[in-house]
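J.: A structural model of the following input is requested.
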Amino acid sequence: MDYHIIKGIADDSTEVYIFENELAKVPLNSLYSPEREAERFIKKIEQNGGVLIIIGLGNGILLEKIVNNAIDEKFAAIIFIEPLKDVMINNDHISLIKQHKNIAYYSINTFTPINFATIIGKFGSIPFSIKLHPNYEKIDSTLTKKLIAEIKEGIEARQIINNTEMRFALDWVIEPLLNIQFINSSINIKQLKNKFKGERAILVAAGPSLENNLNTIEKLRKSAYIFSVGSALRVLIDSNIEPDFVTTIDSSDVNFYTHFKDVNYNGIVIFETRSNSNIQKNHNGTLIVTTAENDFVTKQYSSDLYTFKPSPSVAVFTLQVIEYLGFSEVFLIGQDLSLINGDYYASGVKMHEGALNQEVELFVESNQGNPVGTTRSLKIFLDTFEGLIKTFKNGMKIYNLSEYGAKIQGSTFLSPKLIGDLPPRHEITINDNKISTDTDGKSFIHLLLENMNKIKLELKIAEKQINNLHRSGVISKEDMKLVTKKFKKLASNKILNEIIMSNLTFVFNQVSNKFKFFNHEENYTSENLMLLTKELLNFYHIVIKYIEEVLQDDRIASLVNKPK
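T.: Numbers count the residues shown, from 1 in each chain. Now for the predicted structure:
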């Protein structure tokens, strides 16, 4: 239902927003005294040290009261989310939020489930509560329900991200180590920034609509550079279409064996340093290297590689690459981000287990304006894709050619039938200037593994300390201070923090947050402390096991024992 926001004045001369539609007229703050209303609201809040989400900002007096009464200090975080697009935060309140790190604000225009998933990822194990700002329960409930549904979607997205971390935690350390041997035989993508300025690109993904657009790719190939995600490569080669660039970020062996093995492609591969090393090892063409924001293994070896934002899908990575290279237009083909006729991939794509038996989990708007079924993972890709487009500054035009796929905000739907003749592309040569590093790769790997082993031994000592306390059956506050001090010292270790815990963030945050707020609790009993240390023991156990798996992995053994 349509609504609009007008302004009014309360009895205490405070300006307030008023929600108005054909059924109701609701002031978003008390017309008597917004200040007293805010004070009453604060008294009802359970100040439990958790994360408080407040739906609605109103005129901001509640925010002011929270700050003036230091209520924010009693929470891990307070997050305001405004569900009404015309309720604006003023500059004074923006400044207030900037001064208080544990207070955040999101408008409905900037809030997305994927953003929220990132937020809650920082607060593992901390309890969440959601409150409606006074009077917001009286506005059109579809608006607040929609926001709450997106918050729920963000929680589910966080769980998918956590599961992904657990699945790839080992590979995200090992594959960067294996890829070190290919860095010096690769071109640094930094050399190619804006190299293709003014040119057109085609981003070919492996969605169901790809098979219906192979003729479109053929038609455009003389006018645009073809970028294929790895999963679409086999379909293109089988159709006698050789892409100019193939992109890869997935670290799993499945990525190589499903999409690259035995495919006759000798063109350019753009790889992220966490990509499965078998792809680089078996490729006979040019390699271009980039690294990921959270690949701290490679960053310790070479600080000169360009870093793209973390990408939940190779298509998101590819769009970043295309924008970085300076292209002025990009055609999206096969970027459906939905299940079309129940299919996840196009016909001809070699299927892996993760793509089988996909079912509709929610609906999004299609390019035809109708609901189309998708999965939670594809919805994460969609949200990230849309968020990425908003960050582009070069005015690159994005055309989505998927007629029945998900609508992508920031792109323009273009029917393939309406694409006329385009001028030929300029043939641009890439100079084969390889990277040169002063660090010996094998020596770096030996030293890193040696330091990981030292950390493992320190963790075992800390684990033994807690086990001894548990055997005594009593843990005092003084004992706990020693345990906490040891944990904080270990957590500050650069290799543990950046390399190991960056791949197990939610595991680390779960225990780290509890210890961060340990000093806030004055009434912990010995029993409480026993439960807290049990969580820490579990954390130590997971990390020790993780390090041992890295050190004992056959891929690492073969790399370390390989002659120089």
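
J.: phi and psi next, for Ile226.
T.: Main-chain dihedrals, Ile226, degrees, to the nearest 10: phi -100, psi 120.

J.: go on, Ala292?
T.: Phi and psi for Ala292, reported as degrees, to the nearest 10, are phi -100, psi 150.

J.: separation between it and Lys309?
T.: Using CB to CB, to the nearest Å, one obtains 9 Å as the distance from Ala292 to Lys309. Glycine gets a C-beta too; all of them are placed from N, C-alpha and C.

J.: and what of Lys190?
T.: Per CB to CB, Lys190 is found 16 Å from Lys309.

J.: swap in Ile389?
T.: Distance from Ile389 to Lys309, by CB to CB: 12 Å.

J.: repeat for His259
T.: In this view, His259 and Lys309 are 23 Å apart by CB to CB.

J.: so the two - more neighbours on which side?
T.: Taking neighbours as other CB atoms under 10 Å, His259 and Lys309 compare with His259 leading, 26 against 14.

J.: confirm for me that that one is in contact with Leu236.
T.: No: if you go by CB atoms under 8 Å, His259 and Leu236 don't touch, sitting 11.2 Å apart.

J.: tell me the average confidence for stretch 31-40?
T.: Averaged across stretch 31-40, the pLDDT comes to 91.

J.: give me the buried positions along it.
T.: Leu31, Ser33, Pro34, Glu35, Glu37, Ala38 (16 or more other CB atoms under 10 Å).

J.: determine which two of those residues are furthest apart.
T.: The distance between the two most remote of those (CB to CB) is 13.8 Å, for Leu31 and Ala38.

J.: returning to what we had before: find residues that contact each of Ala292 and Lys309.
T.: Residues touching both Ala292 and Lys309 (CB atoms under 8 Å, 6 or more residues apart in numbering): there are none.

J.: sitting in helices, which of the buried residues of stretch 31-40 do you find?
T.: With helices defined by DSSP state H, the entries of the buried residues of stretch 31-40 inside them are Pro34, Glu35, Glu37, Ala38.

J.: the second one - nearest residue in space that isn't next to it in sequence?
T.: So that's Glu35. Leaving aside its chain neighbours, Glu35 sits nearest to Ile61 (5.9 Å; criterion: CB to CB, 6 or more residues apart in numbering).

J.: cool, the first one as well?
T.: Excluding its sequence neighbours, the residue lying closest to Pro34 (CB to CB, 6+ apart) is Ile61, at 4.5 Å.

J.: can you check the third one too?
T.: The shortest distance from Glu37 to any residue that is not its chain neighbour, by CB to CB, 6+ apart, is 4.0 Å, and that residue is Ser30.

J.: can you give me phi and psi for that neighbour?
T.: Backbone torsions for Ser30, taken as degrees, to the nearest 10, come to phi -60, psi 130.

J.: that one contacts Arg36, correct?
T.: Yes: when contacts are counted by CB under 8 Å, Ser30 is listed as touching Arg36 (7.1 Å).

J.: low-confidence ranges, this structure, go.
T.: Per-residue confidence for the chain (pLDDT under 70) gives these ranges: 1, 47-49, 124-125, 164-167, 350-357, 436-439, 502-524, 560-564.

J.: longest helix anywhere in it?
T.: Max-length helix for the chain by DSSP H is helix 441-472.

J.: chain center to it, what's the gap?
T.: Chain-centre distance of helix 441-472: 29 Å, with CA atoms, centre = their mean, to the nearest Å.

J.: residues touching the nearest residue to Glu458 once chain neighbours are set aside, list them.
T.: Using CB to CB, 6+ apart and skipping the chain neighbours, the partner closest in space to Glu458 is Leu490 (6.3 Å). Leu490 sits next to Ile455, Glu458, Leu459, Ala462, Leu496 when contact means CB under 8 Å, 6+ apart.

J.: so the third one versus Trp172, what's the distance?
T.: By that I understand Leu459. Separation of Leu459 from Trp172 (CB to CB): 19 Å.

J.: kindly report the same for the fourth one.
T.: Here the criterion is CB to CB. By it, Ala462 lies 24 Å from Trp172.

J.: higher neighbour count, these two?
T.: Counted by other CB under 10 Å, Ala462 and Trp172 do not tie: Trp172 has more neighbours, with 22 against 18.

J.: next structured bit after the helix or strand containing the more buried one?
T.: Trp172 belongs to helix 171-183 when assigned by DSSP states H and E. Heading C-terminal from helix 171-183, the first helix or strand you meet, by DSSP H and E, is strand 187-188.

J.: who are the packing partners of whatever helix or strand comes next after that next one?
T.: The helix or strand immediately downstream of strand 187-188 is strand 200-204, counting by DSSP H and E. The contact analysis (3 or more CB pairs under 8 Å, 6 or more residues apart in numbering; DSSP states H and E) places strand 200-204 against helix 214-220, strand 225-229, helix 314-324, strand 329-333.

J.: how about those in JSON lines, adding distance to Gly395?
T.: As requested, the helices and strands packed on strand 200-204 are exported to JSON lines (distance: least, CB to CB, whole Å):
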{"stretch": "helix 214-220", "distance to Gly395": "21"}
{"stretch": "strand 225-229", "distance to Gly395": "18"}
{"stretch": "helix 314-324", "distance to Gly395": "10"}
{"stretch": "strand 329-333", "distance to Gly395": "10"}
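
J.: so which of the ones you listed gets nearest Gln368?
T.: Nearest of those to Gln368, taken as CB to CB: strand 329-333 at 15.8 Å.

J.: what packs against that closest one?
T.: Judged by 3+ CB pairs under 8 Å, 6+ apart, strand 329-333 is in contact with strand 200-204, helix 214-220, strand 397-400.

J.: partners of the helix or strand that comes right after that strand in the sheet?
T.: Per DSSP H and E, the first helix or strand lying C-terminal to strand 329-333 is strand 362-365. Strand 362-365 sits in its sheet next to strand 371-374 (antiparallel), going by DSSP bridges.

J.: what are the contacting residues of the strand it pairs with?
T.: Outside strand 371-374, the residues that touch it by CB under 8 Å, 6+ apart are 337-340, 360-366, 382, 404-406.

J.: so what's the gap between that strand and the chain middle?
T.: 22 Å.

J.: which of the residues in that strand are buried?
T.: In terms of neighbour count (16+ other CB under 10 Å), strand 371-374 has its buried residues at Val372, Gly373, Thr374.

J.: closest one of the residues you listed to Glu46?
T.: Thr374 (36.9 Å).

J.: since that was my last question, I'll sign off now.
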